[in-house]
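Novice: below are the sequence and a predicted model for it; my questions follow.
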Amino acid sequence: MDKRWLIRSCDPFLQKTFSDELGIPPIIAQLLINRGITTVCEAGSFLSPDLSSLYDPFLLTDMGKAVRRIEQARSRGEKVLIYGDYDVDGVTSSALLCITLKRLGITAISYIPHRMEEGYGLNDTVAQFARSQGAHLIITVDCGINAFGPVDAINAAGMDVIIIDHHEPDGDVLPKALAVIDPKRSDCSYPFKGLCAVGLAAKLAQALLGEIPEEDLDLVALGTVADVAPLRGENRIFVKKGLPLIANTQKHGLRALLEAAKISGKKMKPYYVGFIIGPRLNAAGRMDSANIALDLLLSDNAPRARVLAQSLETHNQSRQKMQTAVVEEAMAMIEDSALKDQQVIVVHKEGWHKGVLGIVASRIVEKYYRPTVVISVQDGMGTGSARSIDGFHVQEALAHCAGVLENFGGHQRAAGLRLKHERIEEFRLAINDLAKDLLTGEQMVPALDIDCEIPLSAIDRNLAALIESLEPHGEGNPSPVFCSRGVLVKSDPAILGRDTIKFWVTDGTRTLSAVGFGLGAFKDRIQMGAKVDLAYGLGLDDWNKPHQSMPDGFVQDDLDALKVGEHLTERFSDNFGTGAAFFLFHTAPFIFSAGNRMFAADHTKSHGNEYTGNGLFVK
């Protein structure tokens, strides 16, 4: 699918300020600006994230109430029920709270609802279960913010409930819990709103213990990345510090999972969490009970942990097979109907496995770039999962259609819903009517956000190393994407491996290798001597280096600068999938230079791709 190139405009004044104050190159300064950083202090914190920069947890509304009640439970010897969710964020936050309460000498009982049998969120039976276990306090994690009925039932049963959630409240009225910790509640002035459930559990641990134990940051990083939380602010600190601890974890369960997934010993990156570890932990809740994943993370027995890890492997393989079957069936239904021409795709069928609906919706979005709702019908009731695109807030869209839904909830790009079978067509019409007013034709074409246009001569090992220092990349801090236009192809393209293309390009000053992962189909569109436009990420070449060949008369640069592929659009969750790899191969639009700056003509179109913004890059 063609993409619109959107080249970010630069801010020369702020760029110079960052460069002068922080001693960084202008291009790194511009990358920080592109990520919404506007002050030197914020830029410095981003470049040097440290646990000492974490905010006071008591800035979260109701944190003091929660801490006092938990300390009361400890002094009274009361049991505490932790009620979680079946995704990675819910499981890691449940595990972190269990570990934290154990450190305090409190007996914690965990409960995660069964996705297929109970569905998402706090349910009406929890009070009875808690009473049967002898618990006097219930703490919800990753759910509860809109659970009015179940909270009332808990109160009526004589128990207290603390809600820890990061989802959007339906309004200003909250459930009548003893404490509601959610940075998104309207009366909460906490400086950082992007924490997910495991981040909030970490803040509770910080409030209870005085600090977040370093050995638990592996769980915090794992849940944060898997939940596609923005890697900014406190999340960046958690993930920057916690990712290395995943690779070197002392937790038997997590170590067994790394071994089973065959990534033990590797340098941990968000990619491994989002596409390897996360899907395995999620597979438990998708195919069976998420308690398997929770038991694994809490296991203190290595042989038992290996058994549980292998169980997750089996569930993940089953999930992949089920997912493939439903994706193929849903795609066929869309292709054979008018659904693919609608602004919002709503597809449904009796009996689809509920555990893969979100993944299937993501795959449909990737192919058609349309907001998508996938619904499984059983016993006259439909359970659906929605995924969206830029410009269409799916949770708000569902709120607009609330009259035809039984219930719903979610975020800007992902949501869940339930509705009666006979109302699916009414829902399809309602959400598409809304989309007609909200989505323009341009918004229905995926955009490739490019940080800035640079000449190849600006690329060297130092730049690549500085970009690496901006890691971890992910939501809110994407891998930088650059473009260079009108570069000359200096070699015939070669196919490496299964579907990787490689050729050499030059701007007359520097010659570098361009590697396109999954782009073998473009081989015949590239000819030596032609000029091409490239959008790319930068990486040091450590692949097969001793055996690389260069065009005659060229000296190999030790930077494999133009690596282009799916990793540039990492969406670190099996809920979201990845975008297509990027390459544009055609004669470059007119480019003129002014001193040491390069400009590209605005709104130039070629082969369906639009160039917008001034494309400006300094030095």
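Specialist: Arrived safely, thanks for sending. Owing to the predicted nature of the structure, the values given are computational and were not obtained by experimental measurement.

Novice: pLDDT score assigned to the most centrally placed residue in the chain?
Specialist: The centroid of the chain falls nearest to V228 when counting by CA atoms, centre = their mean (2.3 Å). In this prediction, V228 carries a pLDDT score of 90.

Novice: same check, this time on the one 5 residues further on
Specialist: Note for G233: predicted pLDDT of 95.

Novice: what sits against it?
Specialist: Counting by CB atoms under 8 Å, 6 or more residues apart in numbering, G233 makes contact with 191-192, 194. Quick note: C-beta positions are derived from backbone N, CA and C, even for glycine.

Novice: in TSV: those residues, plus neighbour count and pLDDT.
Specialist: Formatted as TSV, the contacts of G233 follow (neighbours: other CB atoms under 10 Å; pLDDT from 0 to 100):
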residue	neighbour count	pLDDT
P191	10	96
F192	18	96
G194	19	95
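
Novice: pretty sure the residue nearest to the centre of the chain sits against P478.
Specialist: No - judged on CB atoms under 8 Å, V228 makes no contact with P478 at a distance of 11.9 Å.

Novice: SS state for the residue nearest to the centre of the chain?
Specialist: For V228, the secondary-structure state derived from DSSP: H, G, I helix; E, B strand; the rest coil is coil.

Novice: same thing with Q15?
Specialist: Q15 - assigned by three-state DSSP - is helix.

Novice: measure it to T38 for me?
Specialist: Applying CB to CB, to the nearest Å, the value for Q15 to T38 is 12 Å.

Novice: L204 too?
Specialist: With distances taken as CB to CB, L204 is found 30 Å from T38.

Novice: which of these two has more residues huddled nearby?
Specialist: Remark: of L204 and T38, L204 carries more neighbours, 27 against 12, as counted by other CB atoms under 10 Å.

Novice: okay, and that one sits in which element?
Specialist: Using DSSP states H and E, L204 falls within helix 197-209.

Novice: which parts of that helix are buried?
Specialist: Buried positions in helix 197-209, judged by neighbour count with 16 or more other CB atoms under 10 Å: 197-208.

Novice: poorly predicted segments of this structure, please.
Specialist: The chain contains residues with pLDDT under 70 at 1, 116, 119, 540-619.

Novice: tell me where the stretch 301-450 of the chain has strands.
Specialist: 345-350, 372-378, 381-387, 407-410, 414-420, 447-450 (DSSP state E, counting those that start in this stretch).

Novice: tell me where the stretch 201-350 of the chain has helices.
Specialist: Along the stretch 201-350 of the chain, counting by DSSP state H, counting those that start in this stretch, helices occupy 217-226, 233-247, 252-260, 270-272, 278-287, 291-298, 302-335.

Novice: nearest to G351, out of those helices?
Specialist: G351 lies closest to helix 302-335 among the helices of the stretch 201-350 of the chain, at 9.9 Å (CB to CB).

Novice: so which of the contacts of G233 comes closest to G121?
Specialist: Relative to G121, the closest of the contacts of G233 is G194; by CB to CB it sits at 21.4 Å.

Novice: doesn't G253 make contact with A309?
Specialist: Yes - A309 lies in contact with G253 (CB under 8 Å); the separation is 7.1 Å.

Novice: identify the contacts common to the two.
Specialist: With CB under 8 Å, 6+ apart, A309 and G253 have common neighbours L296.

Novice: run a quick neighbour tally on R76.
Specialist: R76 has 11 neighbours, counted by other CB under 10 Å.

Novice: how far away is it from G210?
Specialist: Distance, R76 to G210, by CB to CB: 22 Å.

Novice: just H421 next, same as before
Specialist: Between H421 and G210 the distance is 53 Å, computed by CB to CB.

Novice: of the two, who's got more company?
Specialist: Neighbour tally, H421 and G210, criterion other CB under 10 Å: the higher count belongs to H421, 15 against 8.

Novice: show me what contacts the more buried one?
Specialist: Counting by CB under 8 Å, 6+ apart, H421 makes contact with 377, 380-382.

Novice: need the contact list for A435.
Specialist: Shown in contact with A435 (CB under 8 Å, 6+ apart): 343-344, 371, 392, 397.

Novice: what do you get if the cut-off is 6 Å, keeping everything else the same?
Specialist: Contacts for A435 (CB atoms under 6 Å, 6 or more residues apart in numbering) come out as 343-344.

Novice: can you tell me how far it is from D449?
Specialist: 22 Å.

Novice: and K203, what does it touch?
Specialist: Applying CB under 6 Å, 6+ apart, we find K203 in contact with P57.

Novice: nope, L101 is what I was after
Specialist: 80, 108.

Novice: next SSE downstream of the helix or strand hosting it?
Specialist: Per DSSP H and E, L101 falls inside helix 88-103. Next helix or strand after helix 88-103 toward the C-terminus (DSSP H and E): strand 108-111.

Novice: paired strands for that next one, with orientation please.
Specialist: Strand 108-111 pairs in its sheet with strand 79-83 (parallel), by DSSP bridges.

Novice: residues in contact with the strand it pairs with?
Specialist: When contacts are defined by CB under 6 Å, 6+ apart, strand 79-83 is touched by residues 73, 94, 97, 101, 106-111, 126, 130, 134-135, 137-140.

Novice: right, so the helices of the stretch 201-350 of the chain: which one is the most enclosed?
Specialist: Across the helices of the stretch 201-350 of the chain, averaging neighbours per residue (mean count of other CB atoms under 10 Å) puts helix 217-226 on top, at a mean of 30.

Novice: does anything pack onto that one? Which helices or strands?
Specialist: Packing contacts for helix 217-226, counted by 3 or more CB pairs under 6 Å, 6 or more residues apart in numbering; DSSP states H and E, involve helix 88-103, helix 197-209, helix 233-247.

Novice: tell me how far stretch 300-312 is from the chain's mean position?
Specialist: 27 Å (CA atoms, centre = their mean, to the nearest Å).

Novice: show me what that stretch is in contact with.
Specialist: 252-253, 256-257, 260, 280, 283-284, 292, 295-296, 299.

Novice: likewise stretch 398-406?
Specialist: By CB under 6 Å, 6+ apart, stretch 398-406 touches 408, 415, 417-419, 423, 426-427, 430-431, 434.

Novice: report the separation between E366 and G358.
Specialist: Distance of E366 to G358, computed by CB to CB: 13 Å.

Novice: those two: which is more packed in?
Specialist: More neighbours surround G358 than the other of E366 and G358, with 24 against 19 (other CB under 10 Å).

Novice: alright, calling it a day.
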